[in-house]
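Engineer: Provided below for reference: sequence and predicted model.
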Amino acid sequence: MKILAIESSCDETAAAVVEDGRRVLSSVINSQVAEHRVYGGVVPEIASRRHCENIVPVVQGALDEAGVPLTGIDAVAVTAAPGLIGALLVGVNYAKGLALAAGKPLVPVHHIRGHIAANYLAHPELEPPFLCLVVSGGHTHIVEVRSYTDFRVVGRTRDDAAGEAFDKSARAMGFPYPGGVYIDEAAGRGDPGKYKLPKPRVEGAPYDFSFSGLKTAVINLLHNAGQKGEEVDADSLAASFQRTVCEVLTSHLEAAAKELGYRVVAAAGGVSANSGLRAALGEMCRKNGFTLYVPPLSLCGDNAAMIGAQGYYEFLANPPAALSLNAAPSMDIAAAFSARD
């Protein structure tokens with residue numbers, strides 16, 4: 001089965017053709033990072049406009065790269081939640097029109113489910129159940145993947161997501177947007193033990209995360225040093241920040257896996273590309289005898305191939321969506337889309 005997938009939840013316009021949920025026939029991504037860097041973050045209005053401009057050539061490019069005409073597609077999958085509402089609407093409405101015109105089933109996909117499914121493309125042997133740490137700019141979750149379409153959130157952030165904390169802390173340190181990659185590079189040159197930073201915990205919720213206080217600690221450290229005329233070692237501060245975040249993420253995942261009895265764990269999302277986190281997860285899994293799955297760097301960020309992978313399993317498990325399908329800026333990963341034929 002060949003699925004044409006569309007992703008437009010934030011600032012990447014992406015399309016892909018995926019076969020049987022496991023084989024990528026094409027993947028095209030048009031990124032807006034350079035344009036949004038001027039503003040230090042994603043501007044939703046600009047993102048939506050660029051999606052309108054890019055979606056037709058991106059989708060056509062994916063079909064051309066796969067060597068598959070629209071008539072050879074079995075279904076159209078699209079990210080319908082969560083994300084920036086204006087950006088989501090571009091993809092959802094284009095997918096609806098395409099599915100209607102071509103007479104193809106329409107398959108809505110949850111963005112976080114898609115990130116988890118990126119592992120299926122890279123690791124053909126991986127099958128549920130397993131425990132997955134999803135870390136990106138907008139989401140930090142520990143998710144129990146009970147089946148391809150059955151999910152339970154074990155832990156989640158109460159404020160800033162890990163990726164958001166990376167970007168905001170990086171901005172305070174003077175790094176460009178998106179800051180996560182610059183912190184990762186700087187951390188390799190710094191001393192992770194030079195600065196002592198807090199590891200916030202959520203009382204009564206051992207698997208939940210809170211990164212707002214850590215971000216504030218970095219900003220306060222920089223502000224106090226500036227007032228005193230002291231120089232801050234940016235590389236070591238980046239290393240200390242990265243190690244702290246990685247220790248929090250890894251320790252929560254380890255504790256959850258032990259309590260719930262999982263021996264197979266995975267990571268997904270943009271922050272799963274971070275070299276410090278990958279190393280920390282690898283060491284934790286070696287210590288405990290866990291099997292770890294992480295996508296290649298090309299599948300960590302937003303892409304449509306992951307939507308096509310998850311879309312395949314959603315298609316098998318659910319009836320097609322109705323044309324009344326709407327985008328949702330926020331939606332629990334365990335929820336089902338209600339608009340069905």
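Structural biologist: Arrived safely, thanks for sending. Numbering: from 1, shown residues only.

Engineer: separation between the spatially most central residue of the chain and Leu133?
Structural biologist: For the chain, the residue lying nearest the average C-alpha position, counting by C-alpha atoms, centre = their mean, turns out to be Gly269 (3.0 Å). Counting by C-beta to C-beta, to the nearest Å, the separation of Gly269 from Leu133 is 8 Å. Where C-beta positions appear, they are placed from N, C-alpha and C, glycine not excepted.

Engineer: what do you get for Thr79?
Structural biologist: Taken as C-beta to C-beta, the spacing of Thr79 relative to Leu133 amounts to 20 Å.

Engineer: Of these two, which one has the most company?
Structural biologist: Thr79 (31 against 28; other C-beta atoms under 10 Å).

Engineer: Quick check: the more buried one touching Thr13?
Structural biologist: No. Thr79 is not in contact with Thr13 according to C-beta atoms under 8 Å; the separation is 11.1 Å.

Engineer: check contacts around Gly83.
Structural biologist: Neighbouring residues of Gly83 by C-beta atoms under 8 Å, 6 or more residues apart in numbering: Ser8, Ser9, Cys10, His111, Gly138, Ala327, Pro329.

Engineer: Pretty sure the fifth one sits against Asp160.
Structural biologist: No. With contacts defined as C-beta under 8 Å, Gly138 does not count as touching Asp160, sitting 9.8 Å away.

Engineer: so how far is stretch 93-113 from its chain's centroid?
Structural biologist: Relative to the centre of its chain, stretch 93-113 is centred 20 Å away, using C-alpha atoms, centre = their mean, to the nearest Å.

Engineer: Mind giving me the packing neighbours of the longest helix anywhere in the chain?
Structural biologist: If each helix of the chain is counted by residues according to DSSP state H, the longest one is helix 234-260. With contacts defined as 3 or more C-beta pairs under 8 Å, 6 or more residues apart in numbering; DSSP states H and E, the secondary structure elements packing on helix 234-260 are strand 130-135, strand 140-145, strand 151-156, helix 162-173, helix 180-187, helix 212-228, helix 275-288.

Engineer: Return every residue with contacts to both of Thr79 and Thr13.
Structural biologist: Between them, Thr79 and Thr13 have Glu7, Gly91 as joint contacts when contacts are counted by C-beta under 8 Å, 6+ apart.

Engineer: Quick check: Val78 is in a strand.
Structural biologist: Yes. Using DSSP: H, G, I helix; E, B strand; the rest coil, the secondary structure at Val78 is a strand.

Engineer: got the contact list for it?
Structural biologist: By C-beta under 8 Å, 6+ apart, the contact list for Val78 reads Ala5, Ile6, Glu7, Gly91, Val92, Tyr94, Ala95, Leu106, Val107, Pro108, Val109, Ile307.

Engineer: Sitting in helices, which of these do you find?
Structural biologist: Gly91, Val92, Tyr94, Ala95, Ile307.

Engineer: my guess is the first one meets Thr79, correct?
Structural biologist: Yes. With contact defined as C-beta under 8 Å, Gly91 and Thr79 form a contacting pair (6.0 Å).
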